[in-house]
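>>> Just need the structure, nothing else, for what follows:
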Amino acid sequence: MREYIAVSACLLGVNSKFNGSNNYNKKIEELIKDKTVLPICPEVIGGLTTPRNPSEIQDNGTIIQNNKNDVTKEFFLGAMRTLEFLKNHNCYTVVLKNGSPSCGKYTYDGSFSHKKVDRMGVTAKLLKDNNFKLIYID
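Predicted coordinates:
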């Protein structure tokens, strides 16, 4: 039986990134070799479109787009749906795109000034709290 591994869809070349592009990364090929891949994009699963305005986590925990639209609900819904999907597939290893407000080990400070902070994305935090093995790709 093949092992499942979940991967941020943008890292696989899927145009699911906020600006409609992707973050394809050749490093993924070795990580997914001989595994069944489950592409995930919590932001899309939560109901956001592609493309969409960039979003950042604020100090108070809300997630705001650069046009001031509050998308906290969509991010948390996407995180919960991702958790449920992965548990249903007995998949506990996940490769995530670092820097994302969903998937990052680090995110941006909420000012849209490209300043990184040590704050996990909402999906990454939920998966970590549920004992998933997380691998981050910059």
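>>> Buried residues of the lengthiest helix in the chain, list them for me.
Of all the segments of type helix in the chain, defined by DSSP state H, the longest one is helix 72-88. Residues of helix 72-88 classed as buried under the neighbour-count rule (16 or more other CB atoms under 10 Å) are Thr72, Glu74, Phe75, Phe76, Leu77, Gly78, Ala79, Met80, Arg81, Thr82, Leu83, Leu86. The C-beta positions use only the backbone N, C-alpha and C, and glycine is treated the same way.
>>> So the fifth one sits against Leu48, correct?
Translated: Leu77. No. Using CB atoms under 8 Å, Leu77 and Leu48 do not qualify as a contacting pair, with a distance of 9.7 Å.
>>> Can I get the helix or strand bottoming out on mean pLDDT in the chain in CSV, CA atoms only?
The helix or strand of the chain with the lowest confidence, counting by mean pLDDT, DSSP states H and E, is helix 27-32 at a mean of 92. Output for helix 27-32, consisting of C-alpha atoms alone and laid out as CSV, is shown next (Å, rounded to 0.1, in the frame of the first residue of the first chain):
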residue,chain,number,x,y,z
LYS,A,27,12.4,19.6,-4.4
ILE,A,28,8.9,18.2,-4.2
GLU,A,29,9.6,15.5,-6.7
GLU,A,30,11.9,13.6,-4.4
LEU,A,31,9.6,14.0,-1.4
ILE,A,32,6.6,12.6,-3.2
